[in-house]
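Undergrad: Kindly generate the corresponding structure for this input.
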Amino acid sequence: MRRIGNDLDHECRMFSGAPARCWLPVLLGLSMLLAGLPLAADQERSGSPGEATPEEAAGKASNGRPVHQVPSTDAPIVIDGRLDEVAWSTAASISLAYETDPGENIPAPVETVLLITHDRDRFYFAFEASDPEPARIRARLADRDDAFSDDFVGVALDTFNDGRRAFEFFVNPLGVQMDLTMDDVNENEDSSWDAIWRSAGRLTDSGFVVEVAVPFSSLRFPKVGGTQTWGIDALRVYPRGLRRRLAINPLDRDVDCYVCQFSELHGFAGITPGRNLEINPTLTSGYSEERDDFPSGGFSGGDEETEAGLTVGWGITPNLRLSGTANPDFSQVEADVAQLDVNTQFALFFPERRPFFLEDADFFDTNLNAVFTRNVADPSFGVRLTGKQGANAFGVFVAEDELTNLIFPGNQGSGGDSFDFETTDAVLRYRRDLKGNSALGALVTSREGDGYSNTVAGVDGQIRFGKSDSLTFQYLRSETEYPGGIVADFDQPAGAFDDDAFTLTFVHADRDWRGWFVYDDIGDGFRADMGFMPRVGFKHPRGGIQRTWWGEEDDWWKQVRAGVNYDRVEDQSGQRLESTYETWANFRGPKQSFAELFAFTRDRFFDGVDFDESSVGLWWEVQPTGKLFLGAWTSFGDRVDFANTRPGESLVLEPTIRLDVGKHLRTRLSHKLFQLDVEGGTLFEANLTQARFLYQLNLRTFIRAIFQYTDIDRDLSLYDEPEDFEARTEELFTQLLFSYKLNPRTVLFLGYSDNYRGDLETELTQENRALFLKIGYAWVL
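TA: The predicted model follows:
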C-alpha cells in the first residue's frame with residue numbers, strides 16, 4: 001500500500017470529483033423533483049399507469065395477453081403454508097397451463113394453481129402444486145437464494161407495466177426464499193437483490209403448497225391514486241428427468257425479450273407502502289492475530305476492533321428511495337470463489353457481495369463496465385438515491401472512500417495497487433424509456449482525491465427493431481490525472497489526459513437463429529476508475545451466428561445448438577493483437593444433462609512476437625438424481641507463456657461435484673488443474689481445490705465450512721527471470737461460519753478464518769487467524 005497526496009480538495013466542482021458535501025444537495029433536489037414532477041411515460045400503451053386501457057377493460061392487455069383482476073381483502077392472512085383463511089376463498093385463481101421449456105407452449109404435465117389477493121399493505125400469493133409422485137419432489141432446507149436445483153414456484157412482477165424490469169419471488173416446497181431482479185434492457189437476471197418478505201411451504205400427500213406475503217414497501221410501483229396495472233408471470237420449475245418450466249404465459253421464442261410477454265394484473269386501488277422507513281443498525285467486532293516472524297515466530301498481541309454502523313432507507317414515494325449509511329459495515333461474510341492467478345494478462349474480476357451496494361445495483365448497469373462498486377474499498381459513509389417516474393429511471397450514489405484501489409490498464413496486460421489516500425466517489429445514472437422497449441441513457445462517474453481525479457461521462461441506448469432485432473450502443477469520455485508518485489512508479493501519463501470508449505452491438509434472435517455483430521473501440525488514455533475495464537488501447541470487432549434445433553416431446557434430446565464466431569483485436573495503430581476463429585456445438589438431454597464441444601484457432605501478437613494457437617475444450621454436466629450434480633471442463637492446446645514470451649501447450653481439468661445429504665447438508669467440491677508445458681519440460685503445474693460444507697439447521701440458521709487450497713509448482717530453470725518467481729507456493733484459506741438470518745438484514749454472524757502459507761523450504765504454516773462477529777437488526781416502520 002502506498003501513501004500519495006495529502007488532504008482532499010474540498011472545493012465543489014460538479015461532475016469533476018465534487019466532494020460528498022457538494023453532492024448531497026443534488027441528491028435532495030433530485031428526490032424532491034422526481035417525487036412531485038408529473039413526467040409522462042412515452043410508452044406504447046395508452047392511459048396513465050393508474051388507469052385501465054380499453055384493451056384491459058375488455059380483458060386483454062396491449063400485447064394481447066390476458067388481464068387478471070386482483071381482488072382486495074380485509075381478512076387477515078397468517079403465512080403458515082395452510083390456505084385456510086377466508087381471504088383465499090375470494091382470491092384470483094390462475095392456472096399454470098403451459099410448459100414453455102423444454103416444451104414449446106404445450107399443456108403442462110401437472111396441475112398448478114396460483115392464488116392472488118392483497119390488502120392495503122401487502123401483496124399475497126399462494127400456489128397449490130399437484131404432483132402424481134410426491135415422493136420425487138425435490139425439497140431441502142437451504143440458505144436464501146440457494147434452492148434453484150429444487151422444485152420451486154413463484155411470480156415475476158413488472159410493477160410499472162413497461163415490459164422492462166421485474167421483481168421475482170420464488171419459494172421451494174419448504175419455504176426457502178429466492179428473490180431476483182430481471183432487467184430486460186440489459187438482459188441481466190440478478191439474484192443479489194434481497195427484499196424483506198415472508199414465506200412458508202408445506203409438503204402434502206398430493207404435492208406441496210406455498211404461501212407468501214410481500215410488503216408493498218419492498219416493491220417499487222407508480223404513485224397513483226386509483227387502480228394500477230402490473231405485468232405478471234408465474235412459474236413452476238418441475239425438475240425430474242428433465243427440468244420443465246411451467247407458466248401462466250406462453251413464450252414466443254421469436255420475441256427477444258421476456259418481461260414484454262407478461263400478462264397483466266389489474267387492481268391495487270388504495271395500496272400504500274406505509275411510511276416505508278427502514279433503520280438498520282449494525283455492530284461488528286473482530287479480533288485478529290498475525291505471526292510476527294513467518295514461519296518460525298509466534299503470534300503475539302492481536303488487533304481488536306469493534307464498530308457500530310447505521311444504514312437508513314426511506315421510500316420517499318412508492319417509486320423513489322433514498323438510502324444513507326454512516327460508518328457502514330461493509331464486511332464480506334461470503335468468501336470469494338478462489339481463482340488461479342497464473343499466466344494471466346489482465347486483472348481478475350471478483351463480483352460485488354456487500355449488501356449496501358447490491359441494492360438497486362441494476363440501475364447502474366451499462367454495456368461497458370463503467371461502474372464496479374467493489375472499487376469503493378473502505379468507505380466512511382455513503383448515500384444512494386434511486387427511482388422511476390413515468391418513463392424516467394435514475395440512480396445516484398456518493399461515498400467517501402478511505403482506501404483507493406486503482407487498475408492501470410493496457411492493451412496487452414494490466415497492473416494495479418491500493419493507495420492510502422482518500423477519494424470522493426460518485427455515480428449518476430439516468431435512463432429514458434422509449435417506445436417498443438427501446439431506451440436512451442446517460443452516465444457520469446467521478447472519483448477525486450488530492451492530486452488525483454477521474455471523471456467519466458457519456459450516453460448509451462438500446463433500440464429494438466421489431467420483436468427479434470436490437471441495437472445497443474454506448475459512448476464514454478474520460479478525463480484523468482494521477483499524482484506524481486503514481487506517474488513515476490506505474491509509468492502512467494503525466495498531467496491531465498483524456499480519451500474515449502465506444503461500443504456497438506447488433507443482435508438478431510429468433511426461435512431458430514441468433515446472429516450478432518459487436519464493435520468496441522477503447523482509447524489508450526481511457527480510464528474508468530469507478531468501473532472494471534482492465535484492457536484499453538484496442539479495437540475489437542467480432543461477429544457470429546448460431547443455429548438452434550428443438551427436440552420433440554418423445555426425442556431423447558431436447559435442444560441442439562451450433563455456432564461460429566470471428567473475433568479480431570488490434571491496437572489503436574492497427575497492429576493485430578488477436579485474430580480468432582471459433583466454433584462450438586452443444587446439446588441438452590435427459591437427466592438434466594448438457595454438453596458443449598468448443599474449438600478455436602488464433603493468431604496472437606504478444607510482446608513483439610507472433611504466435612499460432614489452437615485449442616479444443618469440452619464441458620459436460622448431469623444431474624442423475626435430485627441430490628447429485630456432476631460436471632467437468634477439459635481443454636488442451638496451444639497457449640502463450642506470457643512470463644517468457646514463448647509458445648507452450650496447456651492442459652486444464654476442472655471437475656465439480658455437488659452432493660446433498662438428506663434435507664440439511666449440502667457439499668460442494670471442485671478442483672482445477674492448470675499445466676503449461678514449454679520446450680524443455682513443464683513450466684508450472686497449478687492446482688486449486690475448493691470444498692464447501694453447509695448444514696442448514698432450519699430456514700434461518702446454518703453452519704458452514706469453507707476450504708480453499710492452492711498449490712503451484714514451477715521449474716525455475718525454464719524461466720528467463722527466475723528471481724521473480726517461487727519454485728513452490730502453497731496457500732490454504734479456511735473459514736467456519738455460524739449464521740442466523742431472521743431476514744436479509746436482521747442477522748447474526750459468528751465466524752473464524754485463517755490463512756496458511758508454504759513454499760519449497762517451508763511446510764504449510766498458519767500465517768494469520770481471526771474471529772469476527774456481526775449483529776444487524778432491521779426496523780421496518
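Undergrad: For residue 590, which non-adjacent residue is closest in space?
TA: Leaving aside its sequence neighbours, residue 590 sits nearest to residue 241 (CB to CB, 6 or more residues apart in numbering; 5.3 Å). For the C-beta atoms, the positions are set from N, CA and C on the backbone; glycine is no exception.
Undergrad: List the contacts of the one you found.
TA: Residues near residue 241 by CB atoms under 8 Å, 6 or more residues apart in numbering: 590, 591, 592.
Undergrad: do that again at 10 Å, thanks
TA: Counting by CB atoms under 10 Å, 6 or more residues apart in numbering, residue 241 touches 589, 590, 591, 592, 593, 623, 624.
Undergrad: tell me the secondary structure for it?
TA: coil (DSSP: H, G, I helix; E, B strand; the rest coil).
Undergrad: now it: how far from residue 486?
TA: The gap separating residue 241 from residue 486 is 58 Å, by CB to CB, to the nearest Å.
Undergrad: do the same with residue 260
TA: Here the criterion is CB to CB. By it, residue 260 lies 47 Å from residue 486.
Undergrad: Tell me which helix or strand in the chain has the weakest average pLDDT.
TA: Least confident helix or strand, the chain: helix 20-36 with a mean of 46, by mean pLDDT, DSSP states H and E.
Undergrad: quick one: what helix or strand has the nearest residue to residue 599 once chain neighbours are set aside in it?
TA: Nearest residue to residue 599, sequence neighbours excluded (CB to CB, 6+ apart): residue 616, at 4.5 Å. Per DSSP states H and E: residue 616 is located in strand 609-625.
Undergrad: From the contact counts, what lies against whichever helix or strand comes after that strand?
TA: The helix or strand immediately downstream of strand 609-625 is strand 628-641, counting by DSSP H and E. Under the contact criterion of 3 or more CB pairs under 10 Å, 6 or more residues apart in numbering; DSSP states H and E, the helices and strands touching strand 628-641 comprise strand 593-606, strand 609-625, strand 646-661, strand 665-678.
Undergrad: what's the burial count for the residue nearest to residue 599?
TA: Neighbours of residue 616 under the rule other CB atoms under 10 Å: 12.
Undergrad: go on, residue 610?
TA: Applying other CB under 10 Å, we find 9 residues neighbouring residue 610.
Undergrad: Can you give me the distance of the closest residue to it other than its chain neighbours to residue 652?
TA: Closest residue to residue 610 apart from its sequence neighbours, by CB to CB, 6+ apart: residue 603 at 6.8 Å. Residue 603 sits 21 Å away from residue 652, going by CB to CB.
Undergrad: quick one: which of these two has more around it?
TA: When residue 603 and residue 652 are compared on other CB under 10 Å, the one with more neighbours turns out to be residue 652, at 19 against 15.
Undergrad: Let me see the contact set for that one.
TA: Residues in contact with residue 652 (CB under 10 Å, 6+ apart) are 340, 615, 617, 633-637, 639, 672-676, 686.
Undergrad: run the last query once more with 8 Å
TA: The contact partners of residue 652, by CB under 8 Å, 6+ apart, come to 617, 633, 634, 635, 636, 672, 673, 674, 675.
Undergrad: just the helices in the protein please.
TA: With DSSP state H applied, the chain shows helices at 20-36, 54-57, 86-89, 355-358, 484-490, listed in chain order.
Undergrad: Name the residues linked to residue 114 by a beta bridge.
TA: Beta bridges link residue 114 to residue 94, residue 127 when assigned by DSSP bridges.
Undergrad: Give the burial count for it, as a bare number.
TA: The number of residues packed around residue 114, counting by other CB under 10 Å, is 24.
Undergrad: That one against residue 91, yeah?
TA: No: counting by CB atoms under 8 Å, residue 114 sits too far from residue 91 to count as a contact (9.2 Å).
Undergrad: overlap in contacts of the two?
TA: What both residue 114 and residue 91 touch, as defined by CB under 8 Å, 6+ apart, is the set residue 126.
Undergrad: buried set for stretch 262-277?
TA: Neighbour counts over stretch 262-277 (16 or more other CB atoms under 10 Å) mark 262, 263, 264, 265, 266, 267, 268, 271, 273, 276 as buried.
Undergrad: let me fix that: stretch 228-244
TA: Neighbour count says stretch 228-244 has 228-240, 242-244 buried, by 16+ other CB under 10 Å.
Undergrad: pLDDT of it, averaged?
TA: Averaging pLDDT along stretch 228-244 yields 95.
Undergrad: just how off-centre is it within its chain?
TA: Between the centre of stretch 228-244 and the centre of its chain there are 21 Å (CA atoms, centre = their mean, to the nearest Å).
Undergrad: which stretches of the stretch 451-600 of the chain aren't confidently modelled?
TA: The model of the stretch 451-600 of the chain has no residue with pLDDT under 70.
Undergrad: Okay, the closest residue in space to residue 654 that isn't next to it in sequence and residue 674: tell me how far apart.
TA: Excluding the flanking residues, the one nearest residue 654 by CB to CB, 6+ apart is residue 633, at 4.2 Å. Distance, residue 633 to residue 674, using CB to CB: 11 Å.
Undergrad: So between these two, which is more surrounded?
TA: Between residue 633 and residue 674, residue 674 has the larger neighbour count (other CB under 10 Å), namely 20 against 17.
Undergrad: Which pLDDT value goes with the closest residue to the more buried one other than its chain neighbours?
TA: Nearest non-adjacent residue to residue 674, counting by CB to CB, 6+ apart: residue 686, 4.5 Å away. Residue 686 carries a pLDDT value of 95.
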